[in-house]
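A.B. asks: Sequence plus predicted model, see below.
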Amino acid sequence: MKALIIATTLLLLQSCSPPNKGQFDFVFKFGVGGKNELNTFDNTFTKDLVMDPPQKLALKLTAEEKQTIYNKLQEIDFSQMAEEELPCSGAQPHSTCKLVVNMNGHQKTVAWSGSDNPADSTCVKLAGLQQLIISIIFNRDEYKHAKPIRGGYL
């Protein structure tokens with residue numbers, strides 16, 4: 001009986017923990033045209049400066065930040081989402097997002113446009129994920145010390 005309890009506990013802990021180092025990475029593109037990019041494979045963030053060339057920054061997420069994103073992916077059941085582009089917004093210009101996740105050797109891609117369709121539960125989930133990742137990026141010193149954006153999109 002003890003062995004069963006221990007085995008069950010280990011399985012539960014394993015399902016809530018991110019994969020081993022190097023087994024969970026992703027590329028998240030967002031913004032108008034998806035020109036901003038967080039890439040955890042090469043630990044970079046590319047910032048769209050609109051009127052200036054994009055700026056590529058060294059940005060390595062902490063283990064805690066990756067854990068938070070991993071937990072959110074599990075919470076919204078990301079692995080079960082359709083891989084087709086989801087139209088979540090009709091506003092122009094709209095933000096396009098694409099998330100490519102590599103977890104334990106399996107790759108999953110989900111793309112969506114905007115995030116303001118409260119009638120679609122998938123769009124609401126993706127909006128929460130989008131806000132989480134963007135807030136992590138924007139709160140990093142690397143981002144705060146990057147060149148400011150010049151101009152805007154109409």
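C.D. replies: Here it is on my side, so go on. Numbering: from 1, shown residues only.
A.B. asks: so what's T44 closest to, chain neighbours aside?
C.D. replies: K56 (5.6 Å; CB to CB, 6 or more residues apart in numbering). The C-beta positions use only the backbone N, C-alpha and C, and glycine is treated the same way.
A.B. asks: contacting residues around that neighbour?
C.D. replies: The contact partners of K56, by CB atoms under 8 Å, 6 or more residues apart in numbering, come to 44-47.
A.B. asks: Take those and keep only those in strands.
C.D. replies: 44-47 (DSSP state E).
A.B. asks: so which of the residues you listed would you say is closest to L38?
C.D. replies: F45 (5.1 Å; CB to CB).
A.B. asks: Tell me the bridge partners for the residue nearest to T44.
C.D. replies: Per DSSP bridges, the residues bridged to K56 are T46.
A.B. asks: where's it relative to E65, distance?
C.D. replies: Distance from K56 to E65, counting by CB to CB, to the nearest Å: 19 Å.
A.B. asks: Check which helices and strands the lengthiest helix in the chain sits against.
C.D. replies: For the chain, the helix that runs over the most residues, judged by DSSP state H, is helix 121-138. Counting contacts by 3 or more CB pairs under 8 Å, 6 or more residues apart in numbering; DSSP states H and E, helix 121-138 packs against strand 24-30, helix 63-75, strand 86-87, strand 96-103, strand 106-113.
A.B. asks: Same list (the ones you listed) but as TSV, adding mean pLDDT, distance to C123 and mean neighbour count.
C.D. replies: Output for the helices and strands packed on helix 121-138, formatted as TSV (pLDDT from 0 to 100; distance: least, CB to CB, whole Å; neighbours: other CB atoms under 10 Å):
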stretch	mean pLDDT	distance to C123	mean neighbour count
strand 24-30	97	14	20
helix 63-75	97	15	15
strand 86-87	78	6	16
strand 96-103	95	11	19
strand 106-113	93	7	17
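A.B. asks: residues contacting E65?
C.D. replies: Contacts of E65 (CB under 8 Å, 6+ apart): I136.
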